[in-house]
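**Student:** no letters, just coordinates:
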């Protein structure tokens, strides 16, 4: 029987190699197994650090797209797809974004979030189809996520996005020089062979999670979704988030709990509006107008109102 071309395609991938440091993992005591995993995990942030210049370029592309009314789509299969879905799902409650603004697409659909749909990743045409169904346009950004860089479903989606003029990003754990896909920015944290050969849910998955955290967090900062280092555009959709909103208002302004609760009620639960109301001494409509003129940045809105704005004093107690 002839050897499968897929075998030849994956046999040299760094993500599919045997890790020489863990070849005895199957005979080690439990604590030694865990130490080996931990030692390998420690290498991941350094691999990500080397990619910061490329992550920065990706952030700038995403922010520009958002400002033009575009969206960000993550496309992946298996672990990579689940990580994209996770990052997309966490942005609305954390930063008050529209759920349509950042979307995750996974090979095999929502069922693949909880049950492996491994064969779904092999259908290149499905990646393009799923983007078409989401109505992707040239204003949008599509990020392919694939540890091995070869996943057909992901490649098909990215190629389709590029063909219609959308900006394209690619996150992979293989070296940049091996990437044979034409994209605007490639992010390539090379974490080396996994503790268990080919188990890319481990170091590769950790690297992908770190990059996605950096990408959307930095984008939200650039869009004015934070004041200092506090989330001020969160959606108070649970009791925890309601109380977090009050705590942010209390921390920034120095008011007591009851006053924070009252002003937030007048501000329809919007932390930014409540902060500007208290610090600038204006009502809710006035605060909203200042924020509109300031493109949503609290610091800039306060400066427009002639109010000194320095969140560092919150930390120092000054």
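**Tutor:** Yes, it's here. Quantities reported herein were computed from a predicted structural model and do not represent experimental measurements.

**Student:** how much space between the spatially closest residue to residue 69 that is not a sequence neighbour and residue 131?
**Tutor:** Counting by Cβ to Cβ, 6 or more residues apart in numbering, the nearest residue to residue 69 once its immediate chain neighbours are dropped is residue 139, at 6.1 Å. Heads up, the C-betas are built off the backbone N, CA and C, glycines and all. Shown here: residue 139 relative to residue 131, a distance of 13 Å by Cβ to Cβ, to the nearest Å.

**Student:** tell me the domain boundaries of this protein?
**Tutor:** Here the domain parsing of the chain from automatic domain parsing is 43-222, 226-316.

**Student:** which of those domains sits most buried?
**Tutor:** By mean neighbour count, with neighbours taken as mean count of other Cβ atoms under 10 Å, domain 43-222 ranks first of those at a mean of 20.

**Student:** tell me who's in contact with residue 58.
**Tutor:** Contacts for residue 58 (Cβ atoms under 8 Å, 6 or more residues apart in numbering) come out as 143, 169, 185, 187, 215.

**Student:** what do you get if the cut-off is 6 Å, keeping everything else the same?
**Tutor:** 169, 185, 215 (Cβ atoms under 6 Å, 6 or more residues apart in numbering).

**Student:** pLDDT at residue 265, what is it?
**Tutor:** The score at residue 265 is 94. That number is its pLDDT.

**Student:** show residues contacting the strand or helix carrying it.
**Tutor:** Applying DSSP states H and E as the criterion places residue 265 in helix 257-266. Residues outside helix 257-266 that contact it (Cβ under 6 Å, 6+ apart) are 245, 246, 249, 250, 274, 277, 278, 284.

**Student:** can you classify the spatially most central residue of the chain by secondary structure?
**Tutor:** In the chain, the residue lying closest to the centroid (Cα atoms, centre = their mean) is residue 212, at 3.3 Å. Secondary structure state of residue 212, per DSSP: H, G, I helix; E, B strand; the rest coil, is helix.

**Student:** please name the nearest non-neighbouring residue to it.
**Tutor:** Using Cβ to Cβ, 6+ apart, the closest residue to residue 212 is residue 87 (4.3 Å).

**Student:** contact partners of the helix or strand containing the one you found?
**Tutor:** Assigned by DSSP H and E, residue 87 falls within helix 78-95. Identification of contacts with helix 78-95 by Cβ under 6 Å, 6+ apart yields 74, 76, 97, 99, 102-104, 106-107, 113, 145-146, 201, 205, 208-209, 212, 216, 220, 225, 231, 233-235, 237.
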